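Trainee: got a predicted structure plus its sequence, pasted below:
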Amino acid sequence: MTIKTAISIEESLYRQVQKLAEEMNVSRSHVFAAAVRSYLRQRQNRMLLEELNVAYAEPPSTVEKRVQQAWRRRHRRKVAAEW
């Protein structure tokens with residue numbers, strides 16, 4: 001389903017979009033929709049990265065440290081057994 005909408009943009013931006021649409025042989029609506037999809041995807045990725053940075057900014061808890069150490073020991077034993 002598509003919805004029509006009206007937007008106001010600078011004339012220079014309109015001309016650039018019009019030129020791009022002609023070069024790509026698509027409608028201006030297609031160019032705008034693709035641009036909005038790309039912007040939303042980038043914004044979502046930035047937000048996810050910020051959330052990950054916040055989560056990993058905190059030092060690991062005692063339990064997390066023990067789990068990490070156990071996995072490191074297990075990994076070392078496994079690698080040593082393969083050599």
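Mentor: Perfect, thanks for sending it.

Trainee: any idea which helix or strand of the protein has the worst average confidence?
Mentor: Least confident element among the helices and strands of the chain, by mean pLDDT, DSSP states H and E: helix 62-82 (a mean of 91).

Trainee: and it, C-alpha only, in CSV?
Mentor: Backbone C-alpha positions of helix 62-82 (Å, rounded to 0.1, in the frame of the first residue of the first chain) are rendered in CSV as follows:
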residue,chain,number,x,y,z
THR,A,62,32.6,-10.9,38.9
VAL,A,63,30.4,-13.7,37.4
GLU,A,64,31.2,-12.5,33.8
LYS,A,65,34.9,-12.5,34.6
ARG,A,66,34.7,-16.0,35.9
VAL,A,67,32.9,-17.2,32.8
GLN,A,68,35.4,-15.4,30.5
GLN,A,69,38.3,-17.1,32.4
ALA,A,70,36.7,-20.5,32.1
TRP,A,71,36.1,-20.1,28.4
ARG,A,72,39.7,-19.0,27.9
ARG,A,73,41.0,-22.0,29.8
ARG,A,74,38.8,-24.3,27.8
HIS,A,75,39.9,-22.7,24.5
ARG,A,76,43.6,-22.9,25.4
ARG,A,77,43.2,-26.6,26.2
LYS,A,78,41.4,-27.3,23.0
VAL,A,79,43.9,-25.4,20.9
ALA,A,80,46.8,-27.1,22.7
ALA,A,81,45.3,-30.5,22.1
GLU,A,82,45.1,-29.7,18.3
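
Trainee: residue closest to the middle of this structure?
Mentor: In the chain, the residue lying closest to the centroid (C-alpha atoms, centre = their mean) is residue 45, at 2.4 Å.

Trainee: who's in contact with residue 68?
Mentor: residue 60 (C-beta atoms under 8 Å, 6 or more residues apart in numbering). Yep, even glycine has a C-beta here, placed from its N, CA and C like the rest.
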